[in-house]
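In: Fold the following for me, if possible:
(4 chains)
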Number of protein chains: 2
Amino acid sequence: MDERQALASFGALSQETRLQIVRMLVVAGPDGMAAGTIAEKLEVSPSNVSFHLKELDHAGLVRQQREARSIIYTANYDALGGLVRFLMEDCCAGHPEICAPAVEVAACCIPTEGKLQ
Amino acid sequence: MDERQALASFGALSQETRLQIVRMLVVAGPDGMAAGTIAEKLEVSPSNVSFHLKELDHAGLVRQQREARSIIYTANYDALGGLVRFLMEDCCAGHPEICAPAVEVAACCIPTEGKLQ
DNA sequence: TCCATAATTCAACAATCCTTGAAATGTTGA
DNA sequence: TCAACATTTCAAGGATTGTTGAATTATGGA
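Out: Take a look at the predicted model:
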């Protein structure tokens, strides 16, 4: 993730509807959600949700695939992980304060005791 | 960090000059930098850097304090850490893919073997 | 006090972003 | 093929955001 991509990602996440979409898709997991379902859950018009999904797609934060009549959107975990990493990169060396809370949350993901990679 | 604060933070970080300011301040550490120094380094006009610093201040990402004639800005590590945490919160439970790269970066911050809190 | 320095505020304008409903595209089943 | 469905695209507007230079506020030293 370079600065250009991070800027686009931050821009995409800085709008309420789009942030809600991403959070919903992350919770939804690999099965994703159809555009219409997203619009329904968030009580947003189809054309509006389509606009925001396009923005998220341009930022690389979601992926889409057609499934019959619906288009299924899924969160792009690589991009989201890359963004978290970008946010932490400059900090971790000199300023563990920023990384500490993240490490706390990530505790569940750490595979073995002390061994991280 | 609630959703409202996260939205403001993402908005603040979605502008090139502001993202550069934050990254500079994070690297600068607790000593921070004067507004004029920031303007000079980034080759931006004083009034423009002032505008962006105000935006970052409103988002809570920087702190300011007067020092003689200068106003010193510092990164708000709590806010940045909170934002990282917010980005990871929904993911870590079901989708360690997002947290894994973060954990990798954060390796340096993990205090003892496997013990995280 | 007066001047130079450091930074912010203001107003105006340009550019970008968001929302809306109507029209268009693509898909499925009868 | 035709009709219904799911979604996107388009154009228009209103709202927000970014940039600029001039004016303003605040500080410290002569």
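In: host element of A:Ala100?
Out: With elements delineated by DSSP states H and E, A:Ala100 resides in helix A:96-106, which encompasses its position.
In: got the contact list for the residue lying closest to A:His58 once chain neighbours are set aside?
Out: The shortest distance from A:His58 to any non-neighbouring residue, by CB to CB, 6 or more residues apart in numbering or on different chains, is to A:Ala8 (7.1 Å). (C-beta placed from N, C-alpha, C; glycine too.) A:Ala8 is in contact with A:His58, A:Ala59, A:Gly60, counting by CB atoms under 8 Å, 6 or more residues apart in numbering or on different chains.
In: Give me the neighbour count for the second one.
Out: What it means is A:Ala59. A:Ala59 has 23 neighbours, counted by other CB atoms under 10 Å in any protein chain shown.
In: what helices or strands is the helix or strand of chain A with the lowest mean pLDDT leaning on?
Out: One helix or strand of chain A scores below all others by mean pLDDT, DSSP states H and E: helix A:96-106, with a mean of 70. Of the remaining helices and strands, those touching helix A:96-106 by 3 or more CB pairs under 8 Å, 6 or more residues apart in numbering or on different chains; DSSP states H and E are helix A:77-94, helix B:77-94, helix B:96-105.
In: The ones you listed into JSON lines, with extra columns for distance to A:Ser50 and mean neighbour count?
Out: Formatted as JSON lines, the entries for the helices and strands packed on helix A:96-106 read as follows, by distance: least, CB to CB, whole Å; neighbours: other CB atoms under 10 Å in any protein chain shown:
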{"stretch": "helix A:77-94", "distance to A:Ser50": "20", "mean neighbour count": "22"}
{"stretch": "helix B:77-94", "distance to A:Ser50": "23", "mean neighbour count": "22"}
{"stretch": "helix B:96-105", "distance to A:Ser50": "25", "mean neighbour count": "22"}
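In: Just send those back as JSON lines, with distance to A:Asp31 too.
Out: Shown next, in JSON lines, are those (distance: least, CB to CB, whole Å):
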{"stretch": "helix A:77-94", "distance to A:Asp31": "13"}
{"stretch": "helix B:77-94", "distance to A:Asp31": "11"}
{"stretch": "helix B:96-105", "distance to A:Asp31": "15"}
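In: one step back: between the contacts of A:Ala8, which sits nearest chain B?
Out: Minimum distance to chain B across the contacts of A:Ala8 is 10.0 Å, recorded for A:Ala59 (CB to the nearest CB).
In: Excluding sequence neighbours, find me the nearest residue to that closest one.
Out: Nearest-residue entry for A:Ala59: A:Ala12, 3.7 Å, with adjacent residues in sequence omitted and distances by CB to CB, 6+ apart.
In: do the same with A:Pro46
Out: Leaving out its chain neighbours, A:Pro46 is closest to A:Ala39 (CB to CB, 6+ apart), at 5.0 Å.
In: How about whichever strand or helix holds the one you found, which residues are buried there?
Out: Element membership of A:Ala39 [criterion: DSSP H and E] is helix A:35-42. For helix A:35-42, the neighbour count (16 or more other CB atoms under 10 Å in any protein chain shown) marks A:Ala35, A:Thr37, A:Ile38, A:Ala39, A:Leu42 as buried.
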